[in-house]
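Trainee: Predicted coordinates and the sequence they were generated for:
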Amino acid sequence: GAGVSQSPSNKVTEKGKDVELRCDPISGHTALYWYRQSLGQGLEFLIYFQGNSAPDKSGLPSDRFSAERTGGSVSTLTIQRTQQEDSAVYLCASSLSSGSSPLHFGNGTRLTVT
Amino acid sequence: TQLLEQSPQFLSIQEGENLTVYCNSSSVFSSLQWYRQEPGEGPVLLVTVVTGGEVKKLKRLTFQFGDARKDSSLHITAAQPGDTGLYLCAGGRSGGSNYKLTFGKGTLLTVNP
């Protein structure tokens, strides 16, 4: 079956512009995660959605970052007024539930802010 | 903040050699996961260990969770070029935030033919 799909795979944008990154999780997976992977750094937790519960936004680095998940499926991560330090690979993952359920990652969106 | 330190950061070996990579923390985790990530792709889960002292084997890969659940190791026997990739460990906590994994920075393994 289809895995987690992310688009675009690469995005180059100018500093100050807004970007939207999309994640299509595995069908039936109720939990959805966004992580950021910077060069030489581990995966940094950004945000977590579980069903209809309020998302855990505690990992979002600033108020320029926001995310939503419509209809319990597709999620969009939006970065407003991008900065060069936002350059990274943004990874989305989904799982059947939370806790010990294994994460299934997409291939990520590589964001470059010039 | 619970940190996971992985060592070595880089490892380059010849095909057929054995290797061990480590994942250490001063904090206790309820579970420990190992992932492998290849260039341009997302991490893929290899194994989850949950019991102190637990050993799991996956073909030529042996994973161990420390008795105190603060550290873990991954041993690869007779490494193959296909083992090349970034190996990441991730610790999970119990309780209400059990979904929030803490990742190490990874060990970048290159196996040369």
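Mentor: Structure received. Numbering: from 1, shown residues only, chains lettered A, B, ... in the order given.
Trainee: Residue A:33: which element?
Mentor: If you go by DSSP states H and E, residue A:33 is part of strand A:31-37.
Trainee: Just checking: what are the partner strands of that strand?
Mentor: Taking DSSP bridges as the criterion, strand A:31-37 pairs within the sheet with strand A:43-50 (antiparallel), strand A:88-95 (antiparallel).
Trainee: show me the contacts for residue B:43.
Mentor: A:43, A:91, A:103, A:105, B:35, B:36, B:37, B:86, B:88 (CB atoms under 8 Å, 6 or more residues apart in numbering or on different chains). Bear in mind the C-beta positions are built from the backbone N, C-alpha and C, glycine included.
Trainee: Spatially nearest residue to it (excluding sequence neighbours)?
Mentor: Once flanking residues are discounted, residue B:43 sits nearest to residue B:35: 3.7 Å by CB to CB, 6 or more residues apart in numbering or on different chains.
Trainee: right, and that neighbour touches residue B:46 too?
Mentor: Yes. If you go by CB atoms under 8 Å, residue B:35 and residue B:46 touch, sitting 6.2 Å apart.
Trainee: out of the two, which sits in the busier spot?
Mentor: Neighbours per residue, other CB atoms under 10 Å in any protein chain shown: of residue B:35 and residue B:46, the larger number sits with residue B:35, 24 against 18.
Trainee: and the helix or strand the more buried one falls within, which strands flank it?
Mentor: Element membership for residue B:35, per DSSP H and E: strand B:31-37. Strand pairing for strand B:31-37, using DSSP bridges, gives strand B:44-49 (antiparallel), strand B:85-92 (antiparallel).
Trainee: Packed most tightly, which of these would that be?
Mentor: A comparison of these by mean neighbour count, using mean count of other CB atoms under 10 Å in any protein chain shown, puts strand B:85-92 on top with a mean of 23.
Trainee: ok, residues contacting the next helix or strand after it?
Mentor: Scanning forward in sequence from strand B:85-92 by DSSP H and E, the next helix or strand is strand B:102-103. Applying CB under 8 Å, 6+ apart, the contact partners of strand B:102-103 are A:35, A:42-45, B:1-4, B:29, B:88-93.
Trainee: which of the residues you listed lies closest to residue A:75?
Mentor: residue A:35 (12.4 Å; CB to CB).
Trainee: what sits against residue B:68?
Mentor: Residue B:68 sits in contact with B:28, B:52, where contact means CB under 8 Å, 6+ apart.
Trainee: again, only using 10 Å
Mentor: Contacts for residue B:68 (CB atoms under 10 Å, 6 or more residues apart in numbering or on different chains) come out as B:25, B:28, B:29, B:52, B:53.
Trainee: sorry, back to before: buried sites along the strand holding residue B:35?
Mentor: Of the residues in strand B:31-37, B:31, B:32, B:33, B:34, B:35, B:36, B:37 count as buried by neighbour count, 16 or more other CB atoms under 10 Å in any protein chain shown.
Trainee: in chain A, which spans are helices?
Mentor: With DSSP state H, there are no helices along chain A.
Trainee: Within range of chain B, give me the residues from it.
Mentor: A:3-4, A:6, A:9-10, A:31, A:33, A:35, A:37-38, A:40-45, A:48, A:50, A:56, A:58-59, A:89, A:91-93, A:95, A:97-108, A:110 (CB under 10 Å from any CB of the partner chain).
Trainee: how about the residue in chain B positioned nearest to chain A, what does it touch?
Mentor: Going by CB to the nearest CB, chain A is nearest to residue B:42 of chain B, at 2.9 Å. If you count contacts by CB under 10 Å, 6+ apart, residue B:42 has them with A:3-4, A:6, A:35, A:37, A:43, A:89, A:91-93, A:103-108, B:35.
Trainee: Thanks again, I'm all set now.
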